[in-house]
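In: Let's see this in three dimensions:
(one chain, ligands or ions: 2)
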Amino acid sequence: MRYLTAGESHGSQLTLIVEGLPSRLPFSREAVDQQLARRQKGYGRGRRMQIESDRVQVLSGIRFGETTGAPVALAIENKDWVKWKDVMSPDSEGEKTEKRRVSRPRPGHADLNGAIKYGHRDMRDVLERSSARETAARVTAGAVARQVLQLCGIRVASHVVRIGTVGTERLDPARWTAEEIAERSEASPVRCLDPEAEQAMIRLIDEAKQEGDSLGGVVEVIVENVPVGLGSHVHWDRKLDARITQAIVSINAFKGAEIGIGFEAAERKGSQVHDEILWSEEKGYHRATNRLGGFEGGMTTGEPIVVRGVMKPIPTLYKPLNSVDIDTKEPFQASIERSDNCAVPAAGVVAENVVAWEVARALLEKFSSDTAEELHRCVEQYRKQVKEF
Ligand SMILES: Cc1cc2nc3c(=O)[nH]c(=O)nc-3n(C[C@H](O)[C@H](O)[C@H](O)COP(=O)(O)O)c2cc1C
Ligand SMILES: C=C(O[C@@H]1CC(C(=O)O)=C[C@@H](OP(=O)(O)O)[C@H]1O)C(=O)O
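Out: Ligands and ions are numbered 1, 2, ... in the order given. Predicted coordinates for the structure are as follows:
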């Protein structure tokens, strides 16, 4: 299974093609729209989110609520486009307008590097595509992938574990199910499970906004009921933990990812890191702990996948940073029209969906899956086989 996205932030729409889905998979447009709506929420978002109301349009590959096995083409309209039609015109006869031309690169964005690399004197040709607007298409891909996961009883959830200096304790996995995490985080404006930390995070976002500053943070994604042995130890690019961390770091503004206790493993002794193996009639093989976040040797262990991603603070600041105009080579202080000042809660939804995609992709690689029924049968049979191993 693979996907491609296309589209600019202020162009007419985002386009997504998903190829390799099983046929006869029930497809719910409402479930995709639900994920899109979740991505638009979260305390700290800017005015653009009041303009957009993302909904998926199905162009091909689905008939009467089921996949046919053909590529699925989907689109999400950019409502803001009506105000940008002349600036974003694809017609060669269209006037290459000076209006909205960008000659002032914003620190922390792709503007300057992209302009130098692709030879653009108008950095709009870079920033339109580098914008995190594109994450709406990636959430759509993840929402489609979740329909594969749902068929196999695999659940995905996420929550915010840090914004700026305010963080929460690690979850006790025995206490929290994916369903509870999803429910509780959804009820919180910052998608945090701890009510005290939630209030402190909100205060921090308000303070940063008043100062014209921005904030980053950390999100955690949990995937439950994953079969043992997704991914592989035999080759670097088949290791699922590596694919998942790449997916996380590919989200705009994400600078790192860790599996399980991640960087904390460096400080601990081996006996405090590795998860002892147990067996019982009821559960089959399982682990006493899940410090390694559901992975050994690039393969799933059957314990929940636990992955965290760190997001840098939003680079566009109302408090201006120094930069250099590429026309005059003169220094200037960046001024802005609108921006998010914290997008960590929204980015958590993106993280959740890119992880869902990678898990579904690994599932379809492992199991025979021309039809949804075939995939379901193979997964069930394998789960039985694992228990009898
Ligand atoms: C959901 C989401 C919303 C974002 N919103 C903004 C924004 O409003 N303003 C901004 O400057 N950056 C925003 N960003 C971050 C930039 O897109 C990102 O920092 C930039 O494209 C440069 O990429 P890099 O940080 O990965 O190097 C957002 C990121 C995400 C994931
Ligand atoms: C449009 C979205 O996020 C945008 C991501 C973004 C950036 O620079 O990444 C900048 C802002 O866009 P604009 O400059 O149009 O206000 C955000 O609103 C979205 O998440 O759908």
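
In: list the contacts for the residue in the stretch 51-200 of the chain that ligand 1 sits nearest to?
Out: Closest approach between the stretch 51-200 of the chain and ligand 1, counting by Cβ to the nearest ligand atom: A132, at 3.3 Å. In short, each C-beta sits where N, CA and C put it, glycine included. By Cβ atoms under 8 Å, 6 or more residues apart in numbering, A132 lies in contact with I251, N252, A253, A343, A347, V350.

In: quick one: which of these is nearest ligand 2?
Out: Distance to ligand 2 across these (Cβ to the nearest ligand atom) is lowest for N252, with 5.4 Å.

In: correct me, but that closest one touches L127?
Out: No - in terms of Cβ atoms under 8 Å, N252 does not count as a neighbour of L127; the distance is 11.4 Å.

In: which SS class is E128?
Out: helix (DSSP: H, G, I helix; E, B strand; the rest coil).

In: can you list the residues of the stretch 201-350 of the chain near ligand 1?
Out: Residues of the stretch 201-350 of the chain that fall close to ligand 1, judged by Cβ under 6 Å from any ligand atom: 251-253, 312, 314-316, 339-340, 343, 346-347, 350.

In: Near ligand 2, which residues of the stretch 201-350 of the chain are found?
Out: N252, R338, S339, D340.

In: Tell me which two in those residues are the farthest apart.
Out: Spatial extent of those (Cβ to Cβ) is set by the pair N252 and R338 at 16.6 Å.

In: how about the helices in the stretch 251-389 of the chain?
Out: Per DSSP state H, counting those that start in this stretch, the stretch 251-389 of the chain carries helices over the ranges 344-366, 372-388.

In: quick one: the host helix or strand of R146 to helix 372-388, angle?
Out: In this assignment (DSSP states H and E), R146 forms part of helix 135-151. Inter-element angle recorded for helix 135-151 and helix 372-388: 60 degrees (by axes from the mean of the first three to the mean of the last three Cα atoms, to 10 degrees).

In: Would you mind pulling the contact partners of the strand or helix carrying A182?
Out: When elements are assigned from DSSP H and E, A182 belongs to helix 178-186. Residues from elsewhere that reach helix 178-186 (Cβ under 8 Å, 6+ apart): 38, 155-160, 171, 191-193, 222-224, 304, 348.

In: Please save the CA atoms from that helix in CSV.
Out: Extracted C-alpha coordinates of helix 178-186, given in CSV (Å, rounded to 0.1, in the frame of the first residue of the first chain):
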residue,chain,number,x,y,z
ALA,A,178,-6.5,3.0,23.7
GLU,A,179,-10.2,3.7,23.9
GLU,A,180,-9.9,5.5,27.3
ILE,A,181,-6.9,7.5,26.0
ALA,A,182,-8.9,8.5,22.9
GLU,A,183,-12.0,9.5,24.9
ARG,A,184,-10.1,11.5,27.6
SER,A,185,-7.8,13.3,25.2
GLU,A,186,-10.7,14.2,22.9
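
In: All good on my end, thank you.
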